[in-house]
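Participant: The following comprises the amino acid sequence and a computationally predicted model.
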Amino acid sequence: MDPVPSREIADMSGQAALPRKNGELVFDEAWQGRIFGMTVAMSHEACFAWREFQAQLIAEIAHAEREGESSSYYERWLHAFERLLADKGLLDEAALAERTLDFETGRRDDVF
Amino acid sequence: MSRAHDEHGHHHREPESVLSLRVRALESLLIEKKLVSSEAVDRIVGAYEQDIGPHNGAKVVARAWVDPAYRQRLLADGTAAIEELGFGGVDLQVVENTPGVHNLVVCTLCSCYPHALIGLPPVWYKSFEYRSRAVREPRVVLREFGVDLPESVEIRIWDSSAELRYLVLPQRPPGTERLSEAALAELVTRDAMIGVAVVPAPAAR
């Protein structure tokens, strides 16, 4: 069964509000959809509460604005997600850097 | 806690490809740890892309604008007419805006809403303020949404229920005679199908 969109996620307001066009979610690049989907999936699995991620996202946006970064919404989302996972002990940043290199060099091609 | 982008300054927007690689790496690690599955991510993205947003409703409106026979069927039996386009699961009455009549949809009891056509209801739709004031002083509420109707225009309020949902068929804006059905659908907004907005002419956007 397809998951029913959560209002808590869909209705995030202020700077955390999901980018939309005419009410629909906008993913400019495929990876933006993937990171969105991963974050929602892990909240469904109770790896963290959505409000925890939302707080991290808001903090990340504030940080980026303070530093005058031109990063995109989903780039900030990615950083917030990584930070939250690291805080929860669910992600090893060094392992991520290594795995990213694997994809970059073509040592690895599939996500599974 | 270390943050790679702090250490490297991170003042520039990174090329999408770098981010794309990092997200793939992240997904692959999380799958290995059995924290997510690709299928779950696919389903979630699909559900949010399709279920949130008014594009199904917009297609219905655009079809009614270009096809007078469809418009008649839609107004006569909304439920059957949307099933023609593959949308269902909702008992629907479509109410048509005309130069003399403006329709406004509310759910005074809760937040009944034609999800299948226009996605999730906006926060204000569920608010007590909208639910009570839309009935009591619709003209004022509409003005606050930026719709300033002449006194000569009759306002009809439609109170949604669990049994029957309403969708406003907005007036087709002038200057859109040459637009394709798909281009027309792009113009139709969620708010216009609730009745708190009119569809603006393309030039005004």
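Facilitator: Looks like it came in fine.
Participant: which SSE is residue 56 in?
Facilitator: Because you didn't say which chain, this covers chain A. helix A:50-66 (DSSP states H and E).
Participant: could you do chain B instead?
Facilitator: helix B:55-66.
Participant: Show me what counts as buried in the longest helix anywhere in chain B.
Facilitator: Longest helix in chain B, counting residues (DSSP state H): helix B:16-32. The neighbour-count check on helix B:16-32 (16 or more other CB atoms under 10 Å in any protein chain shown) flags B:16, B:19-31 as buried. All C-beta spots, glycine's among them, are computed from the backbone N, C-alpha and C.
Participant: Repeat that for stretch A:65-73.
Facilitator: A:69, A:71-73.
Participant: Now do that stretch: distance from first to last residue.
Facilitator: End-to-end distance of stretch A:65-73: 11 Å, with CA to CA, to the nearest Å as the criterion.
Participant: How far does that stretch sit from its chain's centre?
Facilitator: Relative to its chain's centre, stretch A:65-73 lies at 16 Å (CA atoms, centre = their mean, to the nearest Å).
Participant: residue contacts, residue B:184?
Facilitator: Residue B:184 makes contacts with B:61-62, B:65-66, B:172, B:176, as judged by CB atoms under 8 Å, 6 or more residues apart in numbering or on different chains.
Participant: now the strands for chain A?
Facilitator: Along chain A, counting by DSSP state E, strands occupy A:20-21, A:24-25.
Participant: The helix holding residue A:56 and chain B, are they touching?
Facilitator: No. Contact of helix A:50-66 with chain B is not found when judged by CB under 8 Å from any CB of the partner chain; the minimum separation is 8.8 Å.
Participant: So what touches that helix?
Facilitator: Here helix A:50-66 makes contact (CB under 8 Å, 6+ apart) with A:6, A:8-9, A:12, A:14-16, A:39, A:43, A:71, A:73, A:76-77, A:79-81, A:83-84.
Participant: which among these end up buried?
Facilitator: A:9, A:12, A:16, A:39, A:43, A:71, A:73, A:76-77, A:79-81, A:83-84.
Participant: Point out where chain B drops to low pLDDT.
Facilitator: For chain B, the stretches with pLDDT under 70 are B:1-16, B:50-53, B:120, B:203-205.
Participant: What residues does residue B:124 make contact with?
Facilitator: residue B:130.
Participant: quick one: it is in a strand?
Facilitator: No. Secondary structure of residue B:124 (DSSP: H, G, I helix; E, B strand; the rest coil): helix, not part of a strand.
Participant: before we move on, back to that, among the buried residues of stretch A:65-73, which are in helices?
Facilitator: residue A:73.
Participant: from the buried residues of stretch A:65-73, which are also near chain B?
Facilitator: Subset of these in contact with chain B: A:69, A:71-72, counting by CB under 8 Å from any CB.
Participant: Quickly note the distance from residue B:115 to residue B:165.
Facilitator: Distance of residue B:115 to residue B:165, given as CB to CB, to the nearest Å: 9 Å.
Participant: go on, residue B:113?
Facilitator: Residue B:113 is 7 Å from residue B:165, where distance means CB to CB.
Participant: Next: residue A:28.
Facilitator: Distance from residue A:28 to residue B:165, by CB to CB: 32 Å.
Participant: any weak-confidence spans in chain A?
Facilitator: Looking at chain A by pLDDT under 70, you get A:1-4, A:21-24, A:112.
Participant: now the helices for it?
Facilitator: Using DSSP H, helices in chain A cover A:7-10, A:30-44, A:50-66, A:73-87, A:93-105.
Participant: With respect to residue B:156, which of those helices lies nearest?
Facilitator: Closest to residue B:156 of those is helix A:7-10 (CB to CB; 28.3 Å).
Participant: who does that closest one touch, helix- and strand-wise?
Facilitator: helix A:50-66 (3 or more CB pairs under 8 Å, 6 or more residues apart in numbering or on different chains; DSSP states H and E).
Participant: between the helix it packs on and helix A:73-87, how many degrees?
Facilitator: Interaxial angle, helix A:50-66 versus helix A:73-87 (axes from the mean of the first three to the mean of the last three CA atoms, to 10 degrees): 120 degrees.
Participant: buried stuff in helix A:50-66?
Facilitator: A:50, A:53-54, A:56-58, A:60-61, A:63-64.
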